[in-house]
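K.L.:
Quick one: sequence and predicted model below, then my questions.
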Amino acid sequence: MKRIICFSNSMKCFLFLMGLLINVSCFAQQDYNPAIESFESQKALEFYKVENSKVSISEAHNRYGKSSLLWEWNGESSFSTSNFKILSQEESPLAYGDHFPASPTLQMSIYNEEAQDEKITISYEKNGKQEVWFKVDLSFTGWRRIWVPFYEMQGNAPLKSKSIDFDTFKISTTSVEGKLFFDDIIFSQYQDDRFQYPDEIVPFIKSDTNLGSDHWMALTSNYNNIKSLEPTPISMAIRLDLKKFEKLIDQSLAVDKKYKVYINTLRDLYQNLNIKEKGNIVVGPPLTFKEFEEYYDEKQQGPNKFNDVKDLGRVLKQLANFYNRANPEEQAEIRAMFLTGTKYFLDQGWQAGSSGGTRHHIGYNVREITEAFFTMRQLLYDNGLLNEVGASLHWLFNLGMLLNDESTFHVNIDYLNTQSYYHLMLIFMFEKQEMQSAMLRAYSNYISITLAQQKEDGGFKVDGTSWHHNGHYPAYGIGAFHSVPKVISTLAKTRFRISTAGHKNFKKAFLESRIYSQFYEWGFGNAGRHPIEENGIVSLKKEFLLMVYAGNPEGRENIDKDVAAAYLRLWGKDDMLNTSLFTQVNGIRKENLSGYYTMPYAATSVHRRKNWAAIIKGYSKNVWASEIYVNENRYGRYPANGTIQLLNNEGETGSGFKQEGWDWNRYPGGTIIYLPLEELEAEMPLLMFRSNESFAGSTTLDDNGIFGMILNEGKGTNADGPEDKVGYPGRLKAKKSVFSFGDKLICIGTNISSIDTKNLTQTNLFQNFLSDTKIPLYTASETIKKFPFKTELKQDSGFDIWLTDAYGNGYHVLSNTPVQIKKEKQHSYHNKYSINTGSMNAKGKGAKETEADYVTAWVDHGVAPKNASYQYVIYPFLDEDSQKNFGKLIATDESFSIERADSIAHIVLDKKTNTTGYVVFEKEENLKYGLLETVSEPALVMVKQNSAEAFTISAVQPDLNFPEYKKGRFKNYSMPVELKITLKGKWTVIPADYIQNVDNSGDHTIITLECINGFSMKIEASKL
């Protein structure tokens, strides 16, 4: 400490010391300028001005810390402070930064011991003048957390997103008398504008918006639907059905009998919550939801101790699981713990009518607490808590929306995943069966309608894809595939069954999941923000059986034979009981999926043969490339750049795909600009890139198919976010196609260009994880066993360019394009880690840097190519002898010929089937080969010559043609597009509803088709 010495008269010294003390005091006051006030000491009261009332620090109730502010009044009263800090946007904890609009928001907690028909006014002033204000109704008890954006307040409210500079915060009332507790006041924090929610004490929030568009938002109108419902008497048959459903739900929640009661474990779990009864209430840490979205100051609020509602749910669920199998003494203890936990839940502001500031995406966090309350509904009833708990959950889950007008019903996979089965469960949290019956009818109607919808933003499309976040997203679909079969199965074969249309559309999507998965995994192309994480359908074994025994959609058969055949392929060998029942009793055989499958709404094709699948993936202006999140899939630019993922029955890991060490540039089949990962990482926190190109799709004929896309990274839109103009600086472009005939894939790329003058443009052949570095690779010139190793294969070496990879796939490069091969230990980053921000998703478990041994191969196109190209053929999963003799195999393979590969079209003839595939990029150009002369729009056409006088044609104009309702924003359903194909000669065709016209009056035949949904249109043509 600096020592002060006075050398002159004592008065000067005295004045100096006094001035120093005043400065220190002023500094201390200025230093106490809180962005959040938690009222942890008497010091806080020094900054509050009180009129006709009293404020004090109280430990009777609190959230964070140990105390709160108690305000007691009698008559017209107020208290106010000018000592607070307004947080800037940079200081506010916004998960997506400035990606989504955010606005200054007041966030605070209020505790009311006794409800009253009175109000308080919360306001902000500037220079002594009231600027903005709002009123809060005091007709509640317990805690309430509110988030109120300033733009929603009355008075001189700022515009959305605009900063504020008020200098006084004030709470006032004109009520006769009362007392309230206040805690954790964040005077102004920027908050995501999507997430401030209204409730019964701040009903004015979002009053000018369509609240029903956010299915997470609990609405007073929905809750009022339930309160005003007048059920009618029901029959004994319905009462028996209701009991049956209730029992089935109980059975679905029961834990296996092998799990025993360990009361000490249950006691420890409960004690970790640190809750206890205090008179008529239960106190403990705040019961929070997404607390990380609120500004926190440990100096003000103390250690960050809280109970997340999900954690409380886990404890109550454990208590509920073992209650009925415990002995009487243990039951008494479990009963006491469960009831205390329930009262805590309610007192913390999780009552009907409360939104807690926000409850967005709440369904993921309250599953277990809902199951716990359902399981213990008799205990709650016996203790007079069932109605209050039931009402809380009915509010929280928006159960009353089932009673809205059908025009408001919109399918949402989040709902199907997290809420649909819980809605069924919560119907039985009503005491009266009449209410249960009325709500169950509404529920069955709602589920039936929404499952059948195909033209909503999300849900299940006509091709079986599962849409969420404006794209096919199996990672969300899987949640619905877990929940909905339980609903369909529970209600099957009763008067409450799901309608045929709803059941049928869901079944299509459910079964489609095993088409785009191999064996159980759907691969990287459609992984969204979860690449190479073994995502798949392996967990759906039980749900497949539920769908089997729910019967067919029409309700006429007790077993769904289609689902049973799929089950036999997926799980039949390990389930002798059901295999015998399906095969021997019902005559059902295991399905064979060999063939070619198209999913236009995902720009995905799957070519299947034997026990392997090739998943081919593109994107367009209607289908996004991938989902890049703030700390997930940070390097996910290329997984849909015309990629080809080869998967055997062992899925991704068994086929050479592994998160550790994966080079995110090297997705197989993709044409890319090879970038350092720092540059590959997206600058935006959230990006789902769609190009401005409409050409991406496929057509199929007789179990073969062709795929084509125009790759253009230069300009596009973001499928989720405010941006309607985005693009990558390299402006990579290419015209790509894959012709899948039999056991091979013929890959062509032309017009490859970029403006990146620093980094190489390349097309990847493969990237294989090496479980053993000695696994041999065969090439035309040598067998490669060395590690590490690097080489280049060239045409001028005197050998054909061919090689096999570490998993038995053969590659024959037809173009004069050198192939690079590299075997080495690769160093990479986890997809959930951001190099540039340092953000790490907890799901990555801290594995920022990763490494593993790999072999990779690619074709180099050079730096900033203008018109590069490639041609190669893949022979998937060869046996060992075919790998060793691959050179001989391709030398004798005369089954195909490439007839054209340029900017206008890629044309391949498959001689085995006498089928020509045309991927036509330019309209009205003479193709100069085969029967097809021109097309009116870019198209994919397959022509099979059956005889000299008969052809079968499969054609599609692949533009999904989504309606654009504003710039860069689309309604997610297809509108018709016209395609005219001109054939050489005079032909007649068999009529079909999609054939609009046939003009064979001249030397050519012009067939006009109406294409929709990207589906293939089949034409049977014969000589006229």
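P.N.:
Looks like it came in fine.
K.L.:
so where do the helices sit in the stretch 851-1000 of the chain?
P.N.:
880-884, 886-891 (DSSP state H, counting those that start in this stretch).
K.L.:
Go through those helices and pick out the most buried.
P.N.:
With neighbours taken as mean count of other Cβ atoms under 10 Å, the helices of the stretch 851-1000 of the chain reach their highest mean count in helix 886-891, at a mean of 16. Just so you know, the C-beta spots here come from the backbone N, C-alpha and C atoms, and that holds for glycine as well.
K.L.:
so what secondary structure elements neighbour that helix?
P.N.:
Contacts defined by 3 or more Cβ pairs under 8 Å, 6 or more residues apart in numbering; DSSP states H and E place helix 886-891 against strand 801-804, strand 810-813, strand 868-875.
K.L.:
again, only using 7 Å
P.N.:
Where contact means 3 or more Cβ pairs under 7 Å, 6 or more residues apart in numbering; DSSP states H and E, helix 886-891 is packed against strand 801-804.
K.L.:
Pull out the buried positions in the strand it packs on.
P.N.:
801, 802, 803, 804 (16 or more other Cβ atoms under 10 Å).
K.L.:
Kindly report the same for stretch 448-456.
P.N.:
448, 449, 450, 451, 452, 453, 454, 456.
K.L.:
again, but for stretch 670-679
P.N.:
Here stretch 670-679 shows 670, 671, 672, 673, 674, 675, 677, 679 as buried, counting by 16+ other Cβ under 10 Å.
K.L.:
quick one: contacts for the first one?
P.N.:
Counting by Cβ atoms under 7 Å, 6 or more residues apart in numbering, residue 670 touches 638, 641, 642, 643, 764.
K.L.:
can you check the fourth one too?
P.N.:
By Cβ under 7 Å, 6+ apart, the contact list for residue 673 reads 730, 732, 754, 756, 759, 761.
K.L.:
now that we have those, which one has the most neighbours?
P.N.:
residue 754 (27 neighbours; other Cβ atoms under 10 Å).
K.L.:
Could you count how many residues lie near the closest residue in space to residue 894 that isn't next to it in sequence?
P.N.:
With Cβ to Cβ, 6 or more residues apart in numbering as the criterion, residue 894 has its nearest non-adjacent residue at 7.0 Å, and that residue is residue 911. Residue neighbour count, defined by other Cβ under 10 Å, stands at 12 for residue 911.
K.L.:
Can you give me the distance of residue 911 to residue 884?
P.N.:
Separation of residue 911 from residue 884 (Cβ to Cβ, to the nearest Å): 26 Å.
K.L.:
still on that earlier bit, which of the buried residues of strand 801-804 lies closest to residue 1020?
P.N.:
residue 802 (39.0 Å; Cβ to Cβ).
K.L.:
Any idea what that closest one is bridged to?
P.N.:
residue 812 (DSSP bridges).
K.L.:
now residue 427, nearest residue through space, not along the chain?
P.N.:
In space, residue 427 is closest to residue 439, 4.7 Å off (Cβ to Cβ, 6+ apart).
K.L.:
what's the helix or strand for that neighbour?
P.N.:
Per DSSP states H and E: residue 439 is located in helix 433-452.
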